[in-house]
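>>> Would you be able to build a 3D model of this:
(one chain, ligands or ions: 1)
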Amino acid sequence: MAKFSERLWKTVEPVWRSYLQHPFVKGIGDGSLDKEKFKHYMKQDYIYLIEYSRIFALGAAKANDLETMTAFANLLHGTLTVEMDLHREYAAELGISNEELENTEPAASMTSYTSYMLNKSQLGGVENAAASVLACAWSYQFIGESLAAIPGATEHEFYGKWVKMYSSQQFKELTLQCIDLIDKMAEGKSDSDLAILEDIVVKTSYFEYMFWEMAENKEMWPVAATADYATTR
Ligand SMILES: Cc1ncc(CN)c(N)n1
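Just a heads-up that it's a prediction; the model follows:
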């Protein structure tokens, strides 16, 4: 029988392929991306990764066996180190302190995406946590590998290390652990339970697209509060 992850790939493939056509992703691949857009993305992505890490912690807490708990703990550690080190390196290059990075004011898309994942993971069992993180890891690995195939993309003086990290063996191993987790959790589940997990993967894939849009357009919130409020933030 086909693995659940194969079914998921077929369902979300058109959404993930659309990322490769997105101007922000294309700009990383050909090195033409405006650095101010990247700076906005990188700051939002850093606070996104803090919330994303919480899902791994929730998965570890909800795990029914030690093997699953260890996998979630490894993924938590990998995100806090391998992935977030990349952001800290870019921040240092762009003159942003770790404190400023951590205190980034969350944008609407970042807030809605992480709130959705946290809600699904808190309400459901450990399988909801595995479904919530899947598109995040796997779609970035898909993007990383696709961009790495573009001549010169990994050697670009600024964006090269982004492409290298997301196409690296280390990141691939973290992704494979996420795929393995969802496949194990899908075993023996009813069609209706699998449909619930699939829906989480589809919705998070849509949120991924919205995140690229937020980055491209340097979005925060659609309207501004008073200037007084803004200065107290
Ligand atoms: C929004 C988002 N989605 C996924 C990833 C890859 N963990 C990320 N860094 N940022």
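>>> what's the nearest residue to residue 22 if we skip its chain neighbours?
Spatial nearest neighbour of residue 22, chain neighbours left out: residue 212 (4.7 Å); criterion: CB to CB, 6 or more residues apart in numbering. (C-beta placed from N, C-alpha, C; glycine too.)
>>> Check the closest residue to residue 219 other than its chain neighbours and give its pLDDT.
Closest residue to residue 219 apart from its sequence neighbours, by CB to CB, 6+ apart: residue 107 at 5.7 Å. Residue 107 is assigned 98 on the pLDDT scale.
>>> Roughly how far does residue 107 sit from residue 32?
As judged by CB to CB, to the nearest Å, residue 107 and residue 32 stand 23 Å apart.
>>> now residue 208
Distance of residue 208 to residue 32, computed by CB to CB: 21 Å.
>>> Neighbour count: these two, which is higher?
residue 208 (23 against 11; other CB atoms under 10 Å).
>>> from what I can see the more buried one touches residue 136, true?
Yes: the pair residue 208 and residue 136 qualifies as a contact (CB atoms under 8 Å) at a distance of 7.1 Å.
>>> Around residue 187, how many other residues sit close by?
Residue 187 has 9 nearby residues by other CB under 10 Å.
>>> next one: residue 30
Residue 30 has 14 neighbours, counted by other CB under 10 Å.
>>> Okay, now the unreliable bits of this protein?
In the predicted model, the chain carries pLDDT under 70 at residues 231-233.
>>> Write out the residues of it neighbouring the ligand.
Residues of the chain lying close to the ligand by CB under 6 Å from any ligand atom are 45, 48-49, 83, 136-137, 140, 208, 211.
>>> Buried ones among those residues?
45, 48-49, 83, 136-137, 140, 208, 211 (16 or more other CB atoms under 10 Å).
>>> So which of those belong to helices?
45, 48-49, 136-137, 140, 208, 211 (DSSP state H).
>>> circling back to that earlier point, how much space separates the residue nearest to residue 22 from residue 93?
To residue 93, residue 212 is 22 Å away according to CB to CB.
>>> more crowded one of the two?
It is residue 212, of residue 212 and residue 93, that has more neighbours when counted by other CB under 10 Å, with 18 against 12.
>>> right, and the more buried one touches residue 25 too?
Yes: between residue 212 and residue 25 a contact is recorded at 6.2 Å, counting by CB under 8 Å.
>>> any common contacting residues for those two?
Common neighbours of residue 212 and residue 25 are listed as residue 19 (criterion: CB atoms under 8 Å, 6 or more residues apart in numbering).
>>> one step back: just list the residues touching the residue nearest to residue 22, thanks.
With contact set as CB under 8 Å, 6+ apart, residue 212 has these partners: 19, 22, 24-25.
>>> Reformat those residues as a markdown table; add neighbour count and secondary structure.
As requested, the contacts of residue 212 are exported to a markdown table (neighbours: other CB atoms under 10 Å; DSSP: H, G, I helix; E, B strand; the rest coil):
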| residue | neighbour count | secondary structure |
| --- | --- | --- |
| 19 | 20 | helix |
| 22 | 17 | coil |
| 24 | 20 | helix |
| 25 | 18 | helix |
